[in-house]
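>>> Below are the sequence and a predicted model; questions follow.
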Amino acid sequence: MKKRIAIFASGSGSNAQKIMELFKNNPDAEIAIVLTNNPDAYVLQRADNFEIPTHIFDKREFRETNTIVDLLQNLDIDLIVLAGFLWLIPKQLIAAYPGRIINIHPALLPKFGGKGMYGDHVHKAVMDAGESEGGITIHYVDENYDEGEFIYQAKYKIDKNDNLEMIKFKGQQLEHQHYPRIVESILKKINK
């Protein structure tokens with residue numbers, strides 16, 4: 001039986017796209033659904049391009065009901081992958097998928113993590129701090145922002161002349177290179 005992945009994203013979905021590409025013709029695993037809290041997110045178009053079903057939800061449905069948990073369980077989801085998803089994961093979802101929710105963060109945690117630290121906010125904080133290197137952290141998700149156990153980190157050098165766009169580009173290259181591969185390796189460890 002194929003292992004099934006659910007991707008949560010709030011924006012463009014470039015990491016989601018790389019994961020969709022990896023699993024497109026995979027005999028052992030598939031992306032079963034893409035979920036978003038943003039009806040205008042470009043990730044919905046990306047999912048449509050791969051003929052992957054989508055679900056749009058609001059804050060009440062996500063936080064105050066079991067609708068999302070029920071949906072994922074009905075789809076027999078094995079792993080939840082956050083790819084640029086900005087909301088804190090509610091306790092009922094963490095309880096339903098212990099150790100089966102992963103996220104990617106565009107910095108070397110524990111630095112530059114926490115509420116409000118996403119996207120350009122992170123890259124700007126790294127730049128403003130005068131860091132000589134940046135990176136990515138792939139981690140398990142718990143009930144706090146960016147505090148789950150680390151799975152993998154990768155670094156890139158920040159040159160004196162690097163601007164925000166360059167730092168963002170270097171980080172995104174690492175994300176696209178490593179996140180799909182890490183998702184695949186974690187999936188292999190899950191018993192169906």
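Received, thanks.

>>> low-scoring pLDDT stretches of the chain, where are they?
192 (pLDDT under 70).

>>> Select the longest helix from this protein.
helix 164-189 (DSSP state H).

>>> now the strands for the protein?
Applying DSSP state E to the chain gives strands spanning 3-8, 29-36, 54-56, 79-82, 101-105, 133-140, 150-157.

>>> Flag every buried residue along the shortest one.
In terms of neighbour count (16 or more other C-beta atoms under 10 Å), strand 54-56 has its buried residues at 54, 55. C-beta: built from backbone N, CA, C; applies to glycine.

>>> which strands and helices sit next to it?
For strand 54-56, the packing partners by 3 or more C-beta pairs under 8 Å, 6 or more residues apart in numbering; DSSP states H and E come out as strand 29-36, helix 43-49.

>>> Quick one: distance of it to the chain centre.
16 Å (C-alpha atoms, centre = their mean, to the nearest Å).

>>> re earlier: who wins for proximity to residue 119 among the strands of the chain?
Residue 119 lies closest to strand 101-105 among those, at 10.5 Å (C-beta to C-beta).

>>> between the closest one and helix 164-189, how big is the angle?
160 degrees (axes from the mean of the first three to the mean of the last three C-alpha atoms, to 10 degrees).

>>> what inclination does strand 101-105 have with respect to strand 133-140?
170 degrees.

>>> Strand 101-105: partners in the sheet, and parallel or antiparallel?
strand 79-82 (parallel), strand 133-140 (antiparallel) (DSSP bridges).

>>> can you put the ones you listed in a markdown table and add distance to residue 114?
Listed next are those as a markdown table, based on distance: least, C-beta to C-beta, whole Å:
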| stretch | distance to residue 114 |
| --- | --- |
| strand 79-82 | 15 |
| strand 133-140 | 13 |
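
>>> List the contacts of the closest residue to residue 11 other than its chain neighbours.
Leaving aside its sequence neighbours, residue 11 sits nearest to residue 84 (C-beta to C-beta, 6 or more residues apart in numbering; 5.0 Å). Contact analysis of residue 84 by C-beta atoms under 8 Å, 6 or more residues apart in numbering lists 9, 10, 11, 12, 13, 14, 15, 16, 43, 118, 119.

>>> before we move on, back to that, could I get the strands of the chain as TSV with distance to residue 73?
Shown next, in TSV, are the strands of the chain (distance: least, C-beta to C-beta, whole Å):
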stretch	distance to residue 73
strand 3-8	11
strand 29-36	12
strand 54-56	14
strand 79-82	11
strand 101-105	14
strand 133-140	19
strand 150-157	24
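
>>> and residue 90, which of these is closest to it?
Short answer: strand 101-105, nearest of the strands of the chain by C-beta to C-beta, at 11.1 Å.

>>> Tell me which residues are up against the closest one.
Residues contacting strand 101-105 (C-beta under 8 Å, 6+ apart): 15, 79-83, 85, 89, 93-94, 113, 117, 122, 136-141, 146, 148, 151, 175, 179, 182-183, 186.

>>> I figured residue 182 hits residue 152, correct?
Yes. Taking C-beta atoms under 8 Å as the definition, residue 182 is a contact partner of residue 152 at 5.2 Å.
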